[in-house]
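Peer 1: Requesting a structural model of the entry that follows:
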Amino acid sequence: MEYEMVELEEKIVQGIGLKTTNEGGKSMQDIGKMWQHFFADGIYQKVSNKVNHKTIGLYTDYEGDYTKPYYFMAGVQVGARGIVPWSRECGPKNHSKRKIC
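Peer 2: Reported below is the predicted structural model:
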């Protein structure tokens, strides 16, 4: 398999997220619930300043290899930071270095 390096412009992504792990199938449950919550509870519709209507599943902050805990976010690209409705179960996480709310 050949790989290609590409440089992308900075994107601002807003949404909701949580910390999970691939051990014991936990991430499959967590991420499924996250997407369900994102759409069924109207969070997608309430995120302001969307650039387009595409959703983004963002996997970041791995604490090691793929078996270690990491952070998952369900979100959308926005033109500027807007309002993200707070959720008790999966409130927004702020990573200013990556422009995530």
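Peer 1: Residue 60 and residue 68: what is the separation?
Peer 2: Here the criterion is C-beta to C-beta, to the nearest Å. By it, residue 60 lies 13 Å from residue 68. C-beta: built from backbone N, CA, C; applies to glycine.
Peer 1: What of residue 53?
Peer 2: 33 Å.
Peer 1: Pass me the low-pLDDT residue ranges in this structure, would you?
Peer 2: 81-101 (pLDDT under 70).
Peer 1: Now do the strands in it.
Peer 2: 12-20, 50-60, 70-78 (DSSP state E).
Peer 1: now the most centrally placed residue in the chain, which residues is it bridged with?
Peer 2: Nearest residue to the geometric centre of the chain (C-alpha atoms, centre = their mean): residue 73, 1.7 Å. In this entry, residue 73 is beta-bridged to residue 17, residue 58, by DSSP bridges.
Peer 1: on that earlier part again, out of residue 53 and residue 68, which sits in the busier spot?
Peer 2: residue 68 (11 against 8; other C-beta atoms under 10 Å).
Peer 1: ok, now how distant is residue 30 from residue 22?
Peer 2: 10 Å.
Peer 1: Also residue 74?
Peer 2: Counting by C-beta to C-beta, the gap from residue 74 to residue 22 is 17 Å.
Peer 1: and these two? which has more neighbours close in?
Peer 2: Neighbours of residue 74 and residue 22, each counted by other C-beta under 10 Å, are more numerous for residue 74; the result is 23 against 14.
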